[in-house]
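In: here is a sequence with its predicted model. Questions after.
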Amino acid sequence: MSTLIEKLDAIQRRHEEVMAKLSEPAVLADPAEYQRLARMHAELMPVVEEYDRYRKLRRELEDARALLQETIDPEMRGLAEAEMEALTTKGEALEASLQGLVIAILEQRVGFLQ
C-alpha cells in the first residue's frame with residue numbers, strides 16, 4: 001500500500017503544480033499549453049478527490065480506534081467496533097478504486113508515448 005500512497009502523493013503534488021500553472025499569465029496567453037494543462041487537470045482531479053476521501057476515512061478510522069482504546073463502556077466500545085468495521089470495509093473499497101484510477105492514468109500515459 002505504501003507504494004500506492006507514494007504514487008497518490010506524487011499525483012496530488014502534480015495536480016497542485018498544474019493548478020498553479022493554469023493561473024500563470026504565460027500559460028493563459030498560450031491556448032495550446034492551457035488546453036494541455038486543463039486536460040491534465042481533468043485527468044488528475046478524480047484521483048485527487050478519491051484520495052482526499054481515502055485520507056478522511058483513514059482519519060475517521062484512527063479516531064474510532066482511539067475511542068475504542070479509551071472507552072471502557074461496553075455500549076460505546078460496541079459502537080466504536082462497528083464504526084471501525086464499516087470504515088475498514090469502505091477503506092478497502094476506496095483502495096481498490098484508487099488502484100484502478102492510478103492504473104488508468106499510467107495506461108493513458110503509456111498510450112501517449114506510443
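Out: Thanks, I have the structure now.
In: looks like S97 contacts E50 (just checking).
Out: Yes. The criterion here is C-beta atoms under 8 Å, and S97 meets it with E50 at 5.8 Å. From N, CA and C alone the C-beta is placed, and that goes for glycine too.
In: now for the worst-scoring helix or strand of the chain on mean pLDDT, which elements pack on it?
Out: Lowest by mean pLDDT, DSSP states H and E among the helices and strands of the chain is helix 74-113, with a mean of 86. Applying 3 or more C-beta pairs under 8 Å, 6 or more residues apart in numbering; DSSP states H and E, one finds that helix 74-113 makes contact with helix 2-22, helix 31-70.
In: flag every buried residue along the last one.
Out: Within helix 31-70, the residues that qualify as buried by neighbour count (16 or more other C-beta atoms under 10 Å) are 34, 37, 40-41, 43-44, 47-48, 50-51, 54, 57, 60-61, 64, 67-68.
In: can you check stretch 7-17 too?
Out: By neighbour count with 16+ other C-beta under 10 Å, stretch 7-17 contains the buried residues 7-8, 11-12, 14-15.
In: stretch 68-85 too?
Out: Under 16+ other C-beta under 10 Å, the buried positions of stretch 68-85 are 68, 80, 83-84.
In: closest one of those residues to I103?
Out: Of all the buried residues of stretch 68-85, M84 has the smallest distance to I103: 28.4 Å, by C-beta to C-beta.
In: this completes my enquiry, with thanks.
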